[in-house]
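A.B. asks: below: sequence and its predicted model.
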There are 2 protein chains.
Amino acid sequence: MTTCLIIGGAGMLGQGLARSLAKGGRLKGAPLSRLALYDVVPAAPPQGGAPAEISTGDLGAPGEAERLVAARPDVIYHLAAIVSGEAERDFDKGYRINLDGTRLLFEAIRAEHQRSGYCPRVVFTSSLAVFGTPLPEVIGDDHVVTPLSSYGTQKAIGELLLADYSRRGFFDGIGLRLPTIVIRPGKPNAAASSFFSSILREPLAGKEAVLPVGTEVCHWLASPRAAVGYLVHAGDIDTAAMGGRRNITLPGVSVTVGEQIEALRKVAGEEAVALIRHQPDPAIEAIISTWPKAFDTRRALDLGFAGDASIEAIITAYLEDQAEARA
Amino acid sequence: MTTCLIIGGAGMLGQGLARSLAKGGRLKGAPLSRLALYDVVPAAPPQGGAPAEISTGDLGAPGEAERLVAARPDVIYHLAAIVSGEAERDFDKGYRINLDGTRLLFEAIRAEHQRSGYCPRVVFTSSLAVFGTPLPEVIGDDHVVTPLSSYGTQKAIGELLLADYSRRGFFDGIGLRLPTIVIRPGKPNAAASSFFSSILREPLAGKEAVLPVGTEVCHWLASPRAAVGYLVHAGDIDTAAMGGRRNITLPGVSVTVGEQIEALRKVAGEEAVALIRHQPDPAIEAIISTWPKAFDTRRALDLGFAGDASIEAIITAYLEDQAEARA
């Protein structure tokens, strides 16, 4: 029997993961007997499977990490974070949650390890924000990490701690650098990356979308379905093949905005494409120009992380998931 | 007028730096008006120049970093660290000093920055231990950092914090990955790297030395003189050219043990070489086999960091420095 804790269980990925685990009913080669979802706000329990335990709190508060670890979950997903814009605006808050919160969690696991030999799988979501310009056209697994945001710095430090605690045998960790998730459900928001989703999602719903950059802009994308699949796989696999290198960049599709629009045309026709209004935003163009365009993710592929086939497949999967959610 | 604080002022590098600054009398383009040396034990004051202020303490203790920063030194050298063997044996101590101590220092500077606009140059010594196998024969400036020790992890985290605090404008930082220092003065010690110095230093003093590895072993070396020169240069230079990348690997000479021995033969003759006794130590061989052999340090060279010409020049410089110390 496997027990599982998702920290950040109310977020898009946490919810998708909870649904997938409840549906699949297994993790790390055994039936899932307990699923706990923790976040700052109450997570929605997934349908089916064993009833999920829902709790709320502040990971950075004293005693909180110990309380979460006390139940000795076999697999801990640490998906919680202050997002990049907020971590840049509020230096203290970003470091308190993204660095100190992560370290408190790792320390609580180490304390339990030293008490009882406890050694869970820890899956930590890192970010492409660990990379900073100048970048090559295609970024390999051996490329240096030089973040240019406090969020990226905090994630890169989390990666280093994860690797050292794993090397020491305190837990068995995997850090995942997820691609930008497309198509995110919901509405357009203030994130610089918002348009990558909204130029597909809004026209598919018959609504207008604003494109703030040129069609030549290229980025590294994965569907929510692929991202959840990565998380489940990271909970399942044998980490022996990773050696001392516990952090990996995950497969994505490298597509230009123009290719996104062409895929939308194929799936939803000319009237959908006509809903995209090009309205250049130099501020967003400047931010996006520093982002990675493509990766060679050999290590992740060798470890069995399988991604989306194409941007067209991402759109089709989104429509399927939307139909399923309505059913 | 420039004021300077050396944290770790009692160590080999701190002492060499203090002597060099006292002798040169200038730093960051202005006369040096104040030199403070801080360490866990009282540092020896350098001869000449303005009288140095000596103080002792524990950088990880509450209020200590604030006390050091209160005098608002223009240049802060942070050379203090729990060394790699001890940081590996004592997990808590290594993280407390090497990570928390560094962060407390950076936070104290940030607090003073926010109070008064204070923005010192901060020179931080990192380490080649941030690199982990597998490594290419020649490691470039864009190679990924994957430490395989807690010490290397703590140094890599210090690098990330230094870059983020610099990007934010809280201070103006440079992180230096120094080569292995050869010839270290003193006696052979328990460090796995000890023999790189002792196979030269001991025969030059007419004493026997033990060589625990084969002559094909290759490593990245710099003289104490070059290392001190790097530290002074890092205090002096304009950091604008570094962009967001504040951490650099410094020039060294890539030499095999066999080449070290040939250089010893040229400088000190056959009788010196005859004092080296080859006594293979599989444990040391295993450790050394994971160490980097050579680097392409283009960024450091472009920034004007100039190193040793050859291993022979390192030996000659050592003999000169010894003669000067005796005079």
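C.D. replies: Noted; the coordinates are in hand.
A.B. asks: please make it C-alpha for all contacts and neighbour counts, starting now.
C.D. replies: Fine.
A.B. asks: which residues does the residue lying closest to residue A:20 once chain neighbours are set aside contact?
C.D. replies: In space, and not counting its chain neighbours, residue A:20 is closest to residue A:228: 7.5 Å by Cα to Cα, 6 or more residues apart in numbering or on different chains. Contacts for residue A:228 (Cα atoms under 8 Å, 6 or more residues apart in numbering or on different chains) come out as A:13, A:16, A:17, A:20.
A.B. asks: rerun that using 7 Å as the cut-off
C.D. replies: A:13, A:16, A:17 (Cα atoms under 7 Å, 6 or more residues apart in numbering or on different chains).
A.B. asks: could you break chain A into its assigned domains?
C.D. replies: A:2-179+A:225-251+A:295-308, A:180-224+A:252-294+A:309-327 (automatic domain parsing).
A.B. asks: where is the longest helix in chain A?
C.D. replies: helix A:150-167 (DSSP state H).
A.B. asks: same for it, what does it pack against?
C.D. replies: Contact here means 3 or more Cα pairs under 7 Å, 6 or more residues apart in numbering or on different chains; DSSP states H and E; on that basis helix A:150-167 packs against helix A:84-89, strand A:121-127, strand A:172-178, helix B:150-167.
A.B. asks: how much space between residue A:68 and residue A:191?
C.D. replies: Using Cα to Cα, to the nearest Å, residue A:68 is found at 31 Å from residue A:191.
A.B. asks: quick one: which of those two has more around it?
C.D. replies: residue A:68 (21 against 11; other Cα atoms under 10 Å in any protein chain shown).
A.B. asks: give me the element that one is part of.
C.D. replies: helix A:64-69 (DSSP states H and E).
A.B. asks: for that helix, which positions count as buried?
C.D. replies: A:64, A:65, A:66, A:68, A:69 (16 or more other Cα atoms under 10 Å in any protein chain shown).
A.B. asks: touching, residue A:163 and residue A:246? I think so.
C.D. replies: Yes: proximity of residue A:163 to residue A:246 meets the contact threshold set by Cα atoms under 7 Å, at 5.4 Å.
A.B. asks: who has more neighbours, these two?
C.D. replies: Between residue A:163 and residue A:246, counted using other Cα under 10 Å, the more crowded position is residue A:163 (28 against 23).
A.B. asks: next, the contact list for that one, please.
C.D. replies: Counting by Cα under 7 Å, 6+ apart, residue A:163 has contacts A:173, A:244, A:245, A:246.
A.B. asks: the second one: what's it in contact with?
C.D. replies: By Cα under 7 Å, 6+ apart, the residues touching residue A:244 are A:163, A:167, B:148.
A.B. asks: same question for the last one.
C.D. replies: For residue A:246, the residues meeting the contact criterion (Cα under 7 Å, 6+ apart) are A:163, A:173, A:174, A:175.
A.B. asks: please tell me how far it sits from residue B:94.
C.D. replies: Taking Cα to Cα, one finds residue A:246 at 21 Å from residue B:94.
A.B. asks: apart from its neighbours in sequence, what residue is nearest whichever residue of the stretch 101-250 of chain A sits closest to chain B?
C.D. replies: When scored by Cα to the nearest Cα, the stretch 101-250 of chain A has residue A:144 as its residue closest to chain B, at 3.8 Å. Distance criterion Cα to Cα, 6+ apart; nearest residue to residue A:144, sequence neighbours excluded, is residue B:144 at 3.8 Å.
A.B. asks: count of residues packed around that neighbour?
C.D. replies: 19.
A.B. asks: swap in the one 3 residues further on?
C.D. replies: Residue B:147: 23 surrounding residues under other Cα under 10 Å.
A.B. asks: isn't residue A:94 right next to residue A:82, touching?
C.D. replies: Yes: assessed by Cα under 7 Å, residue A:94 is found in contact with residue A:82 at 5.8 Å.
A.B. asks: what residues does the stretch 201-327 of chain A put near chain B?
C.D. replies: A:244, A:245 (Cα under 7 Å from any Cα of the partner chain).
A.B. asks: quick one, helices of the stretch 201-327 of chain A?
C.D. replies: Counting by DSSP state H, counting those that start in this stretch, the stretch 201-327 of chain A has helices at residues A:224-236, A:257-268, A:270-273, A:282-288, A:298-302, A:311-326.
A.B. asks: now for the longest one, which elements pack on it?
C.D. replies: It refers to helix A:311-326. Secondary-structure packing of helix A:311-326 (3+ Cα pairs under 7 Å, 6+ apart): helix A:257-268.
A.B. asks: centre of the chain to the helix it packs on, how far?
C.D. replies: The chain centroid and the centroid of helix A:257-268 are separated by 24 Å under Cα atoms, centre = their mean, to the nearest Å.
A.B. asks: give me the helices and strands touching that helix, please.
C.D. replies: Secondary elements touching helix A:257-268 (3+ Cα pairs under 7 Å, 6+ apart): helix A:270-273, helix A:311-326.
A.B. asks: compare these and give me the one nearest residue B:27.
C.D. replies: For residue B:27, the closest of those is helix A:311-326, at 56.3 Å, according to Cα to Cα.
A.B. asks: list the contacts of the closest one.
C.D. replies: Identification of contacts with helix A:311-326 by Cα under 7 Å, 6+ apart yields A:183, A:223, A:253, A:260, A:263, A:308.
A.B. asks: redo that, cut-off 10 Å
C.D. replies: Residues outside helix A:311-326 that contact it (Cα atoms under 10 Å, 6 or more residues apart in numbering or on different chains): A:182-185, A:200-201, A:204, A:221-226, A:252-256, A:259-268, A:307-308, A:310, A:327.
A.B. asks: and stretch A:81-98, by the same measure?
C.D. replies: A:7-8, A:11, A:58-61, A:80, A:99-104, A:125-127, A:129, A:149-155, A:157-158, A:190-192, B:168.
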